[in-house]
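> Turn this into a structure:
(one chain, ligands or ions: 1)
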Amino acid sequence: MLQQIYPQVPHHFQYELNKDMQIAAAHFIPHEAAGKCANIHGHTYFVNITVAGDELDDSGFLVNFQHLKKLVHDKFDHTLMNDHKDMFNDENSNDFPTTEVVARKIWEIVQNYLDTLPNQPKCLQVFVRETPTSYVVYRPKAGKQ
Ligand SMILES: [Zn+2]
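Take a look at the predicted model:
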């Protein structure tokens, strides 16, 4: 795994967990502002997910690393992002699979799962690097969790 320094999220939780994953996926941005990104092309995305909380579950986990990987990596790896119609609706909204929207959707997937856990961990940040020179950080608005 590429060694990376990620932006830190200030918080007061006792535990913070970070899960890195690498996702090979294709996408296109069907909008005139996208230029050549309107053509289908691929990226190796580097994703970092930050989860925090004060309570561990029965097995001593804040959240199981493998479950995070299953939720996000297994959903998107070797897919065409635009095919995930539950995530990216290219007809009725502007939720095209840009790096920004991909980061927000990953946050939604992770937080929806965390909401089902008895120890109630929070996803504080999703970092998505699309290319060696471009990345996005998504954080939920304070008070929205
Ligand atoms: Zn792209």
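> Looking at the residue nearest to the spatial centre of the chain now. What's its pLDDT?
In the chain, the centroid-proximal residue (Cα atoms, centre = their mean) is residue 106; its distance is 3.2 Å. Listed pLDDT for residue 106 reads 98.
> next SSE after the longest helix anywhere in the chain?
The longest helix of the chain (DSSP state H) is helix 99-114. Proceeding N to C from helix 99-114, the next assigned helix or strand is strand 122-131, under DSSP states H and E.
> contacts for that following strand?
4, 6-7, 9, 11, 13, 16, 43, 45-53, 99, 102-104, 106-107, 110-111, 114, 135-140, 145 (Cβ atoms under 8 Å, 6 or more residues apart in numbering). Quick note: C-beta positions are derived from backbone N, CA and C, even for glycine.
> Show me how far that strand is from its chain's centre.
5 Å (Cα atoms, centre = their mean, to the nearest Å).
> repeat for stretch 123-136
Taking Cα atoms, centre = their mean, one finds the center of stretch 123-136 at 8 Å from the center of the full chain.
> so for that stretch, what's the average pLDDT?
96.
> Equivalent analysis for stretch 61-78, please.
Stretch 61-78 shows a mean pLDDT of 97.
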